[in-house]
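Enquirer: structure for this input, please:
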Amino acid sequence: MPVRVLAAPRGDLTGVALVVAFHGGVNREKMKIPAFDGRFILSAPDRRETILLSIADPSLAMADDLAACFFAGNHLGDTPAQITAVIRSVAESIKPERIIFVGGSAGGHPALLQASRFEDSIAVLCNPLTNISIYYQPTVRRYYEICWPDLSIEEIESRIMTDASIVLGPRMAGKVLWLQNATDHHITNQTLPALARLNNPQKLMFLSTFLPGLVGHSFDPALWALWVRAAVEAPDASLVGIAGYFTTMQERIAAPAAGRGGKTKPADPRQINIADRIAAWVKEIRA
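Expert: Down below sits the predicted model:
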């Protein structure tokens with residue numbers, strides 16, 4: 001299993017938060033494999049030190065033109081089970097304060113699935129694609145052909161979890177923070193059917209927002225990183241607590257460093273808008 005440590009504090013790691021990042025689809029003409037995503041998380045200002053693991057999908061190595069395999073596995077091995085084993089081994093060793101799974105687009109599938117297997121974990125998803133079978137068919141067919149040779153579509157889909165949103169039921173072990181670009185063209189066929197499965201609102205918080213200049217299947221990585229930071233640092237690890245902590249970070253980030261007498265840096269208008277909406281939501285939930 002291709003795993004890389006992108007960040008870790010020095011000294012004793014016991015009790016430090018563990019963040020596990022999964023990449024989305026890979027443009028094979030521009031990116032080499034194994035593809036290790038998650039460095040954008042390190043951009044969050046004044047973030048607390050964490051252990052940041054990045055996991056790459058081993059199935060992509062089976063052909064030069066594979067773009068997305070959703071970490072769903074292949075005929076040689078059960079990738080989701082292997083990932084679970086790796087994370088469980090790390091968690092048993094360092095006993096992290098909390099476990100955060102991060103994934104966007106096709107990386108949202110494994111992040112959601114793994115969050116369902118770890119009690120009190122938190123998945124911070126961004127425009128996630130949770131259902132493989134209804135994704136762009138040429139990409140799906142190529143994955144099936146290369147990674148599951150000589151099997152019918154029905155046989156393949158009986159062996160893998162095509163729809164990770166199935167885990168959004170009563171036995172969901174973790175919690176989900178779902179960030180969604182309101183202009184993403186996947187909302188109708190991916191997002192809405194997934195959210196319809198939810199039967200416990202305490203397990204998922206959905207935030208759809210319009211991001212000027214980012215139209216379609218995209219998101220602001222700095223904003224995403226800030227949400228990951230909130231999931232790591234919030235004293236109250238409930239979704240309401242994380243959302244509330246996110247709003248408090250805006251003022252703290254904009255304030256000048258203590259004792260430097262610097263000018264106040266204006267907050268990103270997009271973050272202010274989101275922070276205001278979340279603050280109102282939190283107030284309503286707690287009323």
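Enquirer: tell me the contacts of the closest residue to Pro34 other than its chain neighbours?
Expert: Among residues not flanking Pro34 along the chain, Ala56 sits closest, at 3.4 Å (C-beta to C-beta, 6 or more residues apart in numbering). C-beta coordinates here come from the backbone N, C-alpha and C atoms, glycine included. Contacts for Ala56 (C-beta atoms under 8 Å, 6 or more residues apart in numbering) come out as Pro2, Val3, Arg4, His23, Ile33, Pro34, Ala35, Phe36.
Enquirer: for Ala56, what are phi and psi?
Expert: phi -110, psi 150 (degrees, to the nearest 10).
Enquirer: quick one on the thing from earlier: out of the contacts of Ala56, which is most surrounded?
Expert: His23 (25 neighbours; other C-beta atoms under 10 Å).
Enquirer: just checking, that one touches Ile33?
Expert: No: with contact defined as C-beta atoms under 8 Å, His23 does not reach Ile33; the gap is 9.5 Å.
Enquirer: ok, so what distance separates Leu204 from Trp178?
Expert: Distance of Leu204 to Trp178, given as C-beta to C-beta, to the nearest Å: 6 Å.
Enquirer: which neighbours do those two have in common?
Expert: Contacts common to Leu204 and Trp178, judged by C-beta under 8 Å, 6+ apart, are Leu195.
Enquirer: and after the strand or helix carrying Ile146, which helix or strand comes next?
Expert: Using DSSP states H and E, Ile146 maps to helix 137-147. Next helix or strand after helix 137-147 toward the C-terminus (DSSP H and E): helix 153-159.
Enquirer: packing partners of that next one?
Expert: Applying 3 or more C-beta pairs under 8 Å, 6 or more residues apart in numbering; DSSP states H and E, one finds that helix 153-159 contacts no other helix or strand.
Enquirer: and if we set it to 10 Å?
Expert: helix 137-147 (3 or more C-beta pairs under 10 Å, 6 or more residues apart in numbering; DSSP states H and E).
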